[in-house]
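Student: build the 3D model from these lines:
(one chain, ligands or ions: 1)
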Amino acid sequence: MAKKKQFKAESKRLLDLMINSIYTHKEIFLRELVSNASDAIDKYYYESQGHADASQFEIRIEPNKEARTLTISDTGIGMSKEELEENLGTIAKSGSLAFKEEMKKKEENNNEDVDIIGQFGVGFYSAFMVAKDVRVVTKKAGSDEAYEWVSAGEDGYEITPCTKETNGTTIVLTLKEDTDEENYSKYLETYELKELIKKYSDYIRYPIKMNVETQKMKEGTEESEKPEYETVVEDQTLNSMVPLWKRQKSKITDEEYNQFYKDHFYDYQDPQKVIHFSVEGNTSFTALLYIPSHLPQGFYSQDYKKGLQLYCRGVFIMDHAEELLPDSLRFVKGLVDSQDLSLNISREMLQHDHQLKLIAGRIEKKVLNELGNMLAKDREAYEKFFEEFGVNLKFGVYNNYGMDKEKFQDLLLFYSSREKKYVTLSEYVSRMKEDQKDIYFVSGKDVELIDKMPVVQTLKNKEFEVLYLTDEVDEFVMQTLMNYKEKTFRNAAQGDLDLDSEEEKEALNKSKEENKDLLTFMKEALGDEVAEVKLSNKLTEDPVCLTAGEGISFEMEKVFANMPNQSPMPMKATRILEINPNHPIFETLKTLYTSDKDKVKEVAEVLYDQACLIEGFAIKDPIAYSKKICELLVK
Ligand SMILES: Nc1ncnc2c1ncn2[C@@H]1O[C@H](COP(=O)(O)OP(=O)(O)OP(=O)(O)O)[C@@H](O)[C@H]1O
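Tutor: The predicted model follows:
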């Protein structure tokens, strides 16, 4: 009988820590054991300098419900008695890390990439999260001796000689009994095991095999009305082995990219764009990114999680690594695989965000670049993209107090008065009139309504192009941008546009002077509703319009009004009623002013209400308004 050896005191505590607090998910034990198996095969392969028979390389999973055991075996390098003692008897001793370092030293004359996963020397013990005892049977390649290591966790371990035919390691876990909180039996279910392998170990480069029972039609019964079925055992490979993103780009078809997207990111439609690239350098990584063709489900809900899947050396680490994507690109789906990440000991988190920041920066740059290319080369596709996700790019402009606005401004599209099509800011500026100083924009509910606005008509008549802003955020975007290529953004519905010629100005001033009393009377008739009633050349066909004074605009007033937690004194724009001096109604007003001042008051109220309606504001008293209109019609 072999003598039972004790774990060192620290090891006992460490083991306890390991079992109870390092990992959040018990299921990762399988990932850890499979990664160890893969490392062991890697080592065997390196040691044999490529002479080993690769067809023998495999990792096998074997659940046994009767015995309540789960066995993970590999055809790797195995362990000698000393190695067993060192690697499995000392927690936090990683034979793999030592191996990797050894290989690195040799690497000066050997360019082979060492893709060993293990580094902390703790993963193995995660088995004790689900197993009440663990048996390891191992035979070192090239040796005749095999050994068995047995432990029930905290109480230490035993090593005894045994027999094993081939090199490699077999690990047998006897699962714990189920409890109210924890169902350990699930790790004996084929379905569960398959899922776990797919989730965490799909890209382990050696086949992970399992005998799986399936129902097959009995031979010879296919033609009969009642085909018979039988249960057969199939040896299935559970993992894909070579990740799509590690394959040569030119050899990947669109269908493969699209299928991968649909399988991994739960979309039923093909993505709009695939971005696949690798970066070599201080932080090397490969990214496979997708721009969906439509808004992901729940995109605007609080439950939507942005982020990319993260793999480290082909092993799945986490689903939504948020730090890899700026908020403005939260619609991007995909993954990053890097070997240079400092994972924490549980591989559930990343330790330093420095590398992550570097990667995130490269990803942002690449995606914005690709969007720029799409805009330049495939306008139709870009417009479709922009319809879905443009608002995120606008967010990119005003986020961070506009720090990043330059990155986004050339990707913005706005409707314009010219062709009622999307234009970029650069297109707008390139065709501005020679003497035009500002970039004009007008906000409103939709393009049709804006197009009919009096001030837009005037600008159009004078052949100025106007950008039509229909998104709530648009005015904030303009405020943040302030200017573009030295041209200032200017809300055409606000303030004086100073578009008149000298003669026009002179004529207007004269008319203002002559009708000063009438205008003052009208202002008083309307009370606090308006700050001013004035004549303006802004209007050509329409009788009146409402403009906002300096400060907040009408659109902003509407945005603030829709916000939750209203203050009792909501922000309001200053209202100015502008009258077209060339409209017949002004002549009527002038005449009435000399004969019937009460009528002037009434007409002023109707005109003001009309201006409000055009601007998209509710009128204060719709019943009174309709009454007044009727009276005027009857007369
Ligand atoms: N299947 C195996 N075949 C051969 N050696 C193994 C096997 N499993 C574990 N080992 C040895 O035991 C050591 C400890 O394993 P453990 O999983 O605890 O840590 P690790 O894989 O080195 O690091 P990490 O904690 O990062 O996974 C390994 O470094 C390796 O030398």
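Student: what about Lys462, distance to the ligand?
Tutor: Computed as C-beta to the nearest ligand atom, to the nearest Å, the Lys462 to the ligand distance reads 71 Å. Any C-beta I mention is one placed from the backbone N, CA and C, and that applies to glycine too.
Student: I'd guessed that residue sits against Leu499; true?
Tutor: Yes: here Lys462 reaches Leu499: they are 6.1 Å apart, a contact under C-beta atoms under 8 Å.
Student: more neighbours, the two?
Tutor: Leu499 (16 against 13; other C-beta atoms under 10 Å).
Student: contacts only, for that one.
Tutor: Shown in contact with Leu499 (C-beta atoms under 8 Å, 6 or more residues apart in numbering): 458-459, 462, 464, 537-538.
Student: ok, now Val233?
Tutor: Per C-beta under 8 Å, 6+ apart, neighbours of Val233: 211-214.
Student: among the residues you listed, which are within reach of the ligand?
Tutor: With respect to the ligand, and counting by C-beta under 6 Å from any ligand atom, no part of the contacts of Val233 is in contact.
Student: Provide the secondary structure category for Cys545.
Tutor: strand (DSSP: H, G, I helix; E, B strand; the rest coil).
Student: hang on, Val456 packs against Leu469?
Tutor: No: taking contacts as C-beta under 8 Å, Val456 lies outside contact range of Leu469: 11.7 Å.
Student: rewinding a little: quick check, nearest of the contacts of Val233 to the ligand?
Tutor: Distance to the ligand, by C-beta to the nearest ligand atom, is smallest for Asn211 among these, at 20.0 Å.
Student: looks to me like the closest one is in a strand.
Tutor: Yes: assessed by three-state DSSP, Asn211 belongs to a strand.
Student: what about it, neighbour count?
Tutor: By the criterion of other C-beta under 10 Å, Asn211 has 13 neighbours.
Student: and if you look at the one 3 residues further on?
Tutor: Neighbours of Thr214 under the rule other C-beta under 10 Å: 12.
Student: in the helix or strand that contains it, what counts as buried?
Tutor: Here Thr214 sits within strand 208-217, counting by DSSP states H and E. By 16 or more other C-beta atoms under 10 Å, the buried positions in strand 208-217 come out as 208-210, 212.
Student: neighbouring strands - and their directions - for it?
Tutor: In the sheet, strand 208-217 lines up against strand 59-64 (parallel), strand 229-237 (antiparallel) (DSSP bridges).
Student: next structured bit after the longest one?
Tutor: Beyond strand 229-237 in the direction of the C-terminus, DSSP H and E gives the next helix or strand as helix 254-265.
Student: report the mean confidence score over that following helix.
Tutor: Per-residue pLDDT over helix 254-265 has a mean of 92.
Student: ok, now stretch 229-241?
Tutor: Here the average pLDDT along stretch 229-241 is 92.
Student: residues from the stretch 151-300 of the chain in reach of the ligand?
Tutor: So far as C-beta under 6 Å from any ligand atom goes, the stretch 151-300 of the chain lies against the ligand at Thr169.
Student: any weak-confidence spans in the stretch 151-300 of the chain?
Tutor: By pLDDT under 70, the stretch 151-300 of the chain has no low-scoring segment.
Student: list the buried residues of whatever helix or strand Lys104 lives in.
Tutor: Using DSSP H and E, Lys104 sits in helix 95-106. Neighbour-count burial for helix 95-106, counted by 16+ other C-beta under 10 Å, picks out 95-96, 99-100, 103.
Student: find me the pLDDT at Thr574, would you?
Tutor: As summarised for this prediction, Thr574 has a pLDDT of 89.
Student: ok, it touching Thr547?
Tutor: No: with contacts counted by C-beta under 8 Å, Thr574 stays clear of Thr547, the gap being 9.1 Å.
Student: so those two - more neighbours on which side?
Tutor: More crowded of Thr574 and Thr547, by other C-beta under 10 Å: Thr547, with 27 against 16.
Student: could you measure from that one over to Ser536?
Tutor: 8 Å (C-beta to C-beta, to the nearest Å).
Student: shared neighbours of the two, which are they?
Tutor: Shared contacts of Thr547 and Ser536, counting by C-beta under 8 Å, 6+ apart, come down to Glu578.
Student: what's the domain layout of this protein?
Tutor: 9-217+227-237, 244-383, 413-492, 501-635 (automatic domain parsing).
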